[in-house]
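A.B. asks: Based on what follows, work out the 3D shape:
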Amino acid sequence: MRIHFIAIGGSAMHNLAIALHLKGDQVTGSDDEIFDPAKSRLEKYGLLPKKIGWQPELITREIDAIILGMHARIDNPELAKADELGLKIYSYPEFLYEHSKEKLRIVVGGSHGKTTITAMIIHVLQHCNIACDYMVGAQLAGFEVMVKMSQEASIMVIEGDEYLTSPIDRRPKFHLYRPNVGIISGIAWDHVNVFPTFDIYVEQFKIFAEMIPADGKYIYYGGDPVLKAMSDRITHTRKVEYSHHPYEIVDGDTYLLTPQGKKKIKIFGKHNLTNLNAALHTCRAVGVSDEQFYDAIATFKGASNRLELLAKNEKNVFYKDFAHSPSKVKATIGAVREQYPEHQLIACLELHTFSSLSESFLKEYRDSMNEADEAIVYFNPEAIKHKKLPLIDAKMILDGFNREDLSVFNDREALINHLFAVKKEKNIYLMMSSGNFNGINLPEFSKKIVTLPLKQ
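C.D. replies: From the prediction side, this is the model:
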């Protein structure tokens with residue numbers, strides 16, 4: 001097939017483009033901005049557009065399908081040309097469904113944990129030599145791309161994002177996948193620019209659960225009271241309620257408590273042990289035995305940017321994490337606190353998303369950073385301008401987080417200087433963001449900060 005991507009530079013879009021290229025399709029694309037890692041990866045496969053910007057002259061009748069990314073606007077000139085020529089236009093969720101409609105679809109939804117759960121399921125199936133196609137929202141160790149599409153696999157595992165599908169399709173992405181096995185990890189209000197009330201947001205998950213067929217399976221986290229109440233009303237399909245997997249921590253290592261005995265694992269944190277239980281129940285649903293699951297999950301190192309260890313010495317440790325919503329921030333800080341009870345925990349959060357930079361949403365972060373010994377919040381005023389939001393200030397953030405000793409920065413260099421200045425013995429540095437702290441190279445920064453001489 002000849003396939004053209006409008007907005008090829010997106011995280012999911014460029015991975016789908018590479019996956020189709022590797023499958024043998026003829027792929028082209030365009031975008032008005034492309035940043036790394038998408039830029040380098042597209043260039044590696046000869047898929048990087050020769051010039052930046054929209055090029056309607058590329059849209060011809062020879063193209064078999066257009067895949068439209070969310071980054072494009074509704075008045076995009078390439079979209080207008082494709083519509084004029086009557087070309088088939090897909091969003092990437094539509095395209096994934098068309099590819100997988102004859103397969104068993106496992107779709108992982110939820111406000112938090114869905115990337116990790118999806119990655120765990122894929123890891124276990126691969127370990128058990130069960131062929132599966134997949135789409136996951138983070139880079140996985142040992143995997144070249146985040147999307148795999150084949151003719152052979154009878155299963156497809158999909159991370160089910162609740163954000164909008166495309167500029168011309170306002171449905172949440174996970175409504176298009178029609179799961180045979182559906183998982184919801186929890187519900188915590190997000191994307192306030194799209195779902196202006198919590199009730200509207202919850203309704204999207206209810207619609208998703210109702211799409212699971214009678215002979216399918218619905219797997220959900222029972223410790224979330226909102227999700228539990230919603231799930232109690234789902235009666236048309238088989239249901240499995242889960243909590244966290246039993247575990248214990250011994251000398252800084254986490255062990256699963258299983259019928260086969262203790263199993264040492266590489267990940268930690270109660271939220272990850274909850275994600276693990278969701279993956280266990282899902283793998284059972286497709287014929288994986290518990291013994292196979294435990295053998296496989298022992299080698300799982302986690303998805304990229306999810307409690308990713310960047311630097312460590314005998315006294316100090318540095319992690320980065322994708323946490324940005326209130327529930328994710330609280331769970332991540334809690335996991336690090338439990339794993340390293342003797343260390344001073346310095347937690348730094350960047351407010352980067354539309355929701356987190358909205359004054360009305362800041363109150364959702366109330367008490368989310370209380371377990372940190374030192375809590376720091378950073379925001380970039382330019383990001384606020386780019387999202388065309390009203391400015392926020394330190395007082396609004398202090399009030400929202402309900403922590404008087406919270407440090408607030410809106411200057412990158414001031415933040416860096418502060419982090420170096422608080423250097424003490426036995427620190428855990430936890431940097432949380434869906435962005436990059438206005439360009440801080442965290443791998444380099446982490447190595448510098450953990451090796452500094454101790455402050456006298």
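
A.B. asks: ok so residue 275 is a strand residue?
C.D. replies: No. Assigned with DSSP: H, G, I helix; E, B strand; the rest coil, residue 275 falls outside any strand and is helix.

A.B. asks: Okay, it and residue 341: tell me how far apart.
C.D. replies: Relative to residue 341, residue 275 is positioned 22 Å away (criterion: C-beta to C-beta, to the nearest Å). For the C-beta atoms, the positions are set from N, CA and C on the backbone; glycine is no exception.

A.B. asks: Who has more neighbours out of those two?
C.D. replies: Set side by side, residue 275 and residue 341 give different neighbour counts by other C-beta atoms under 10 Å, the larger being at residue 275 (32 against 10).

A.B. asks: In contact with the more buried one, which residues are there?
C.D. replies: Under the criterion of C-beta atoms under 8 Å, 6 or more residues apart in numbering, the contact partners of residue 275 comprise 113, 116, 117, 120, 185.

A.B. asks: what do you get for residue 225?
C.D. replies: When contacts are taken as C-beta under 8 Å, 6+ apart, residue 225 is in contact with no other residue.

A.B. asks: about what we covered before: need the max-distance pair from the contacts of residue 275.
C.D. replies: The most widely separated members of the contacts of residue 275, counting by C-beta to C-beta, are 120 and 185 (11.5 Å).

A.B. asks: Comparing these two, which shows the higher neighbour count?
C.D. replies: Each of residue 120 and residue 185 has its neighbours counted (other C-beta under 10 Å); residue 120 has more, 29 against 26.

A.B. asks: Torsion angles phi and psi at residue 220?
C.D. replies: With angles defined as degrees, to the nearest 10, residue 220 sits at phi -140, psi 160.

A.B. asks: wait, doesn't it sit right on residue 242?
C.D. replies: Yes. A contact is recorded between residue 220 and residue 242 when judged using C-beta atoms under 8 Å, the distance being 7.4 Å.

A.B. asks: Give me the more crowded residue out of the two.
C.D. replies: In terms of neighbours (other C-beta under 10 Å), residue 220 is the more surrounded of residue 220 and residue 242; the figures are 27 against 21.

A.B. asks: rewinding a little: dump the contacts of residue 275 into CSV; add pLDDT as well.
C.D. replies: Conversion of these to CSV gives the following (pLDDT from 0 to 100):
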residue, pLDDT
113, 89
116, 92
117, 96
120, 95
185, 97
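
A.B. asks: Run through who's touching the longest strand seen in the chain.
C.D. replies: As far as residue count goes, and with DSSP state E defining each element, the longest strand of the chain is strand 344-351. Counting by C-beta under 8 Å, 6+ apart, the neighbours of strand 344-351 from elsewhere in the structure are 323-324, 329, 333, 336-337, 357, 369, 371-380, 392, 397, 415, 419, 422, 424, 426-435, 437.

A.B. asks: Give me the subset of those lying in strands.
C.D. replies: In strands, defined here by DSSP E, the members of those are 374, 375, 376, 377, 378, 379, 427, 428, 429, 430, 431, 432.
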